[in-house]
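J.: Sequence first, predicted coordinates after that:
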Amino acid sequence: CMRACARATPLASATSARGGGKNSRAGTTKTRAMATVTVKEVATTPIEGQKTGTSGLRKKAAVFSEGNYLANWVQSLFSALPRDDVEGSSMVLGGDGRWFNKEASQIILKLAAGNGVKKMYVGRDGYLCTPAASAVIRAREAVGGFIMSASHNPGGPTEDWGIKFNYSSGEPAPEKITDAIYGFTQTVDTLKMADIPDVDLSVCGVTKFGDFEVEVIDPVDDYLKLLKQVFDFDLIKSLLTRADFKMQFDAMHAITGAYAKPIFVDVLGADANSVVNGVPKEDFAGGHPDPNLTYAEELVKVMYSADAPDFGAASDGDGDRNMILGNNFFVTPSDSVAIIAANAVDCIPYFKSGLKGLARSMPTAAALDRVAAGLGVECFETPTGWKFFGNLMDAGRLSVCGEESFGTGADHVREKDGPWAVLAWLSILAYRNEDVPVGGEKVGVEQITKEHWAKYGRNFFSRYDYEGCESDPCNAMVESLRAKAAAAKKGDKYGDYELDFADDFEYTDPIDGSVAKKQGVRFVFTDGSRFIFRLSGTGSSGATVRMYIEQYEADPAKQGADAQDALAPLIAIALETSQLAKFTGRESPTVIT
Ligand code: G1P
Ligand code: ZN
């Protein structure tokens, strides 16, 4: 369905190959030179609805793989970027290994060459987990990079596909860029495709086509090098090689499988059986690679069994999310980031000179705020989505941050980082158990968490997701909540709770002054309890309602309660205020975390 126009522009003359590609895994490097590259101008017509959401553009894989759907968006991106960012630049390409990534890689490479990019670094087999892509962009000083992933959404021909573009410090492209891309998707009429053959992505090395070159790199190397600078690998190894310590990492048949064995097993000495579902599959073996209590049920079952390992963790499709479990114990992501932050200076060399600041997305429970107060550092409350942390990191005001949606990370890269969170927890466990003799009474995840609550208080938190709803009634519900928030007054009573304020969250970026509006309707009570409603921005069809409930408990005697029990009265108030059942027709959520 692509039609080549008459004009073909010579891109460059043939060059001879220089040296071998930088590469690790022995015997896999190759260098190949091809003749002159010509650029075909292929006619296309705009396709509706190519607007990026919370995290890139996501649609059904069948939509993306049809006609010029992907090519139109990628061409629009090249048109939207400043010429200097494209012409003669280097960029990175990788993804989570899902179905269509291989074909998509070839389309992106041809468009990159056709638009004047000089060099593309591609993870072998098209693999790069999201935090590794961020690390590669930074390490190679690339202008940006493409990440082919729909994150935790299922993959395969009938499931989801997605693409996002990260900019030069490795951060998700700002709205200014994504809006500009969207603008170009509405008028795009020509695709600049280099007339080059498909590149073999299964072997590391450099392939040249005239002035354009593709370097296939090991997907683990740059990232592992960075992690070794962040963490004390010897300390972690001392834990993972203990005869009385057992961990289970569940890669959920997704991309972190390609990282877990090299990092946890080969370098850190964990038992080979510690990694499960560790071979990436194009359809994630039919699973939903989202590390939460619902979808990571295999791991949850093991961790809640009689002879559960000491530590359990899982990561999502593209490796930016994480879930942390102890023996018969679950750590909420809001607690996890707070606990990591509280222990970072002692346990993680990267932070030994102190934390610059902390940040969480607005719906994330405020446990982190209490750590920030304790440490005497700034704490920022940003809208949902990792892209809002980047400016703060670049400005040197943010070290550790997180979201309730199983995202945790730091300023070593500009993405949330699943393996990093696992290594952070292993560092804390290793540090706390350094002097505990083998066979002795180890300090576990549960004890660390409970000690944290005793010191800072516990923020009970739960999120209810209502997936696959119809869009119109959900929008109507949010409209009605906005109106209720606007009409609500301080002192209004909601059951036993007294309103402090209600609004639709708005954020002004302290670095560049940009404003993000309508980021979630929140009702905040005088004791700090809150409920929040917002619609998901990452779905590929329909609407997902997210309801977030939080309540603070300072009394250690009451901190052991089950979160659902502790939050039940507030949940009832939130459901009543929103009239969720009436609007959506849903009596119960599809996922509770
Ligand atoms: C969800 C999460 C959000 C996260 C994003 C990308 O977005 O809620 O915290 O940053 O996925 O992983 P949502 O679907 O809510 O827009
Ligand atoms: Zn993800």
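T.: Perfect, thanks for sending it. Ligands and ions are numbered 1, 2, ... in the order given.
J.: Could you list the residues of the stretch 301-450 of the chain in contact with ligand 2?
T.: Neighbours of ligand 2 within the stretch 301-450 of the chain, by Cβ under 5 Å from the ion: 316, 318, 320-321. Bear in mind the C-beta positions are built from the backbone N, C-alpha and C, glycine included.
J.: Secondary structure, pLDDT and neighbour count added to those, as CSV?
T.: CSV is the format used below for these (DSSP: H, G, I helix; E, B strand; the rest coil; pLDDT from 0 to 100; neighbours: other Cβ atoms under 10 Å):
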residue, secondary structure, pLDDT, neighbour count
316, coil, 96, 34
318, coil, 97, 33
320, coil, 97, 34
321, strand, 97, 27
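J.: out of the residues you listed, what pair is the most spread apart?
T.: Pairwise distances across these peak at 8.3 Å for 318 and 321 (criterion: Cβ to Cβ).
J.: ok, the residue in the chain that ligand 2 sits nearest to - how many residues close by?
T.: Taking Cβ to the ion, ligand 2 has its nearest neighbour within the chain at residue 151, 3.2 Å off. Per other Cβ atoms under 10 Å, the neighbour tally for residue 151 reads 25.
J.: now the helices: where do they sit in the stretch 201-350 of the chain?
T.: 221-230, 233-240, 257-260, 297-303, 333-347 (DSSP state H, counting those that start in this stretch).
J.: Check what contacts the shortest one and list those residues.
T.: The set of residues that contact helix 257-260 without belonging to it, under Cβ atoms under 8 Å, 6 or more residues apart in numbering, is 97, 127, 129, 132, 219-220, 223, 249, 251, 275, 277-280, 319, 419.
J.: how far away is the nearest residue to residue 299 once chain neighbours are set aside from ligand 1?
T.: Spatial nearest neighbour of residue 299, excluding adjacent residues (Cβ to Cβ, 6 or more residues apart in numbering): residue 250 at 4.1 Å. Going from residue 250 to ligand 1 by Cβ to the nearest ligand atom, to the nearest Å gives 18 Å.
J.: For the stretch 301-450 of the chain, give me the ranges with low pLDDT.
T.: Within the stretch 301-450 of the chain, the set of residues satisfying pLDDT under 70 is empty.
J.: Between the contacts of helix 257-260, which sits nearest residue 503?
T.: Lowest distance from residue 503 to the contacts of helix 257-260 (Cβ to Cβ) belongs to residue 319, with 34.7 Å.
J.: Report how many residues lie close to that closest one.
T.: Residue 319 has 34 neighbours, counted by other Cβ under 10 Å.
J.: Residue 191 too?
T.: 27.
J.: residues from the stretch 151-300 of the chain in reach of ligand 2?
T.: Counting by Cβ under 5 Å from the ion, the positions of the stretch 151-300 of the chain adjacent to ligand 2 are residue 151.
J.: Where does residue 551 fall, secondary structure wise?
T.: Taking DSSP states H and E as the criterion, residue 551 maps to strand 543-553.
J.: Could you tell me how many residues sit around residue 285?
T.: The number of residues packed near residue 285 is 15, by other Cβ under 10 Å.
J.: I figured residue 128 hits residue 147, correct?
T.: Yes: using Cβ atoms under 8 Å, residue 128 is in contact with residue 147, at 6.9 Å.
J.: For the residue most central in space within the chain, give me its contacts.
T.: For the chain, the residue whose C-alpha lies nearest the mean C-alpha position (Cα atoms, centre = their mean) is residue 320; its distance is 3.7 Å. For residue 320, the contact set (Cβ under 8 Å, 6+ apart) comprises 129-131, 151, 386, 407, 409, 415-418.
J.: Provide a list of residues in contact with whichever residue of the stretch 151-300 of the chain sits closest to ligand 1.
T.: Here the stretch 151-300 of the chain gets closest to ligand 1 at one residue, residue 151, 5.3 Å apart by Cβ to the nearest ligand atom. If you count contacts by Cβ under 8 Å, 6+ apart, residue 151 has them with 55, 96, 130, 162, 316-318, 320-321, 538.
J.: Same list, those, but only the ones touching ligand 1.
T.: Checking the contacts of residue 151 against ligand 1 by Cβ under 6 Å from any ligand atom, the ones in range are 55, 538.
J.: follow-up on the earlier one: nearest to residue 171 among the residues of the stretch 301-450 of the chain next to ligand 2?
T.: residue 320 (12.4 Å).
J.: Residue ranges in the stretch 1-150 of the chain under the pLDDT threshold?
T.: Along the stretch 1-150 of the chain, segments meeting pLDDT under 70 span 1-35, 54.
J.: Tell me where it has strands.
T.: Secondary structure of the stretch 1-150 of the chain, counting by DSSP state E, counting those that start in this stretch: strands at 3-12, 30-34, 37-43, 57-60, 90-95, 119-127, 144-148.
J.: and what of the stretch 251-400 of the chain?
T.: Taking DSSP E, counting those that start in this stretch to define them, one finds strands in the stretch 251-400 of the chain at 275-276, 311-315, 322-326, 329-331, 357-361, 378-382, 400-403.
J.: now those strands in a markdown table, with mean neighbour count and distance to residue 136?
T.: Formatted as a markdown table, the strands of the stretch 251-400 of the chain follow (neighbours: other Cβ atoms under 10 Å; distance: least, Cβ to Cβ, whole Å):
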| stretch | mean neighbour count | distance to residue 136 |
| --- | --- | --- |
| strand 275-276 | 20 | 23 |
| strand 311-315 | 29 | 18 |
| strand 322-326 | 27 | 20 |
| strand 329-331 | 20 | 29 |
| strand 357-361 | 25 | 24 |
| strand 378-382 | 19 | 25 |
| strand 400-403 | 28 | 21 |
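J.: now those strands as JSON lines including distance to residue 341?
T.: Converted to JSON lines, these look like this (distance: least, Cβ to Cβ, whole Å):
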{"stretch": "strand 275-276", "distance to residue 341": "27"}
{"stretch": "strand 311-315", "distance to residue 341": "18"}
{"stretch": "strand 322-326", "distance to residue 341": "14"}
{"stretch": "strand 329-331", "distance to residue 341": "13"}
{"stretch": "strand 357-361", "distance to residue 341": "5"}
{"stretch": "strand 378-382", "distance to residue 341": "9"}
{"stretch": "strand 400-403", "distance to residue 341": "5"}
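J.: okay if I get those as a markdown table plus distance to ligand 1?
T.: Shown next, in a markdown table, are the strands of the stretch 251-400 of the chain (distance: least, Cβ to the nearest ligand atom, whole Å):
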| stretch | distance to ligand 1 |
| --- | --- |
| strand 275-276 | 23 |
| strand 311-315 | 12 |
| strand 322-326 | 12 |
| strand 329-331 | 17 |
| strand 357-361 | 6 |
| strand 378-382 | 10 |
| strand 400-403 | 4 |
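J.: from the chain's centre, how far out does stretch 321-330 sit?
T.: Here the centre of stretch 321-330 is set off from its chain's centre by 18 Å, with Cα atoms, centre = their mean, to the nearest Å.
J.: Over to stretch 211-221?
T.: With Cα atoms, centre = their mean, you get 23 Å for stretch 211-221.
J.: Kindly report the same for stretch 267-286.
T.: Using Cα atoms, centre = their mean, the offset of stretch 267-286 from its chain centre is 19 Å.
J.: Stretch 377-387 now?
T.: With Cα atoms, centre = their mean as the basis, stretch 377-387 stands 15 Å off its chain's centre.
J.: Over to that stretch now: how far is its first residue from its last?
T.: With Cα to Cα, to the nearest Å as the measure, stretch 377-387 spans 21 Å from end to end.
J.: how many other residues sit next to the residue lying closest to residue 87 once chain neighbours are set aside?
T.: Once flanking residues are discounted, residue 87 sits nearest to residue 116: 4.4 Å by Cβ to Cβ, 6+ apart. Per other Cβ under 10 Å, the neighbour tally for residue 116 reads 19.
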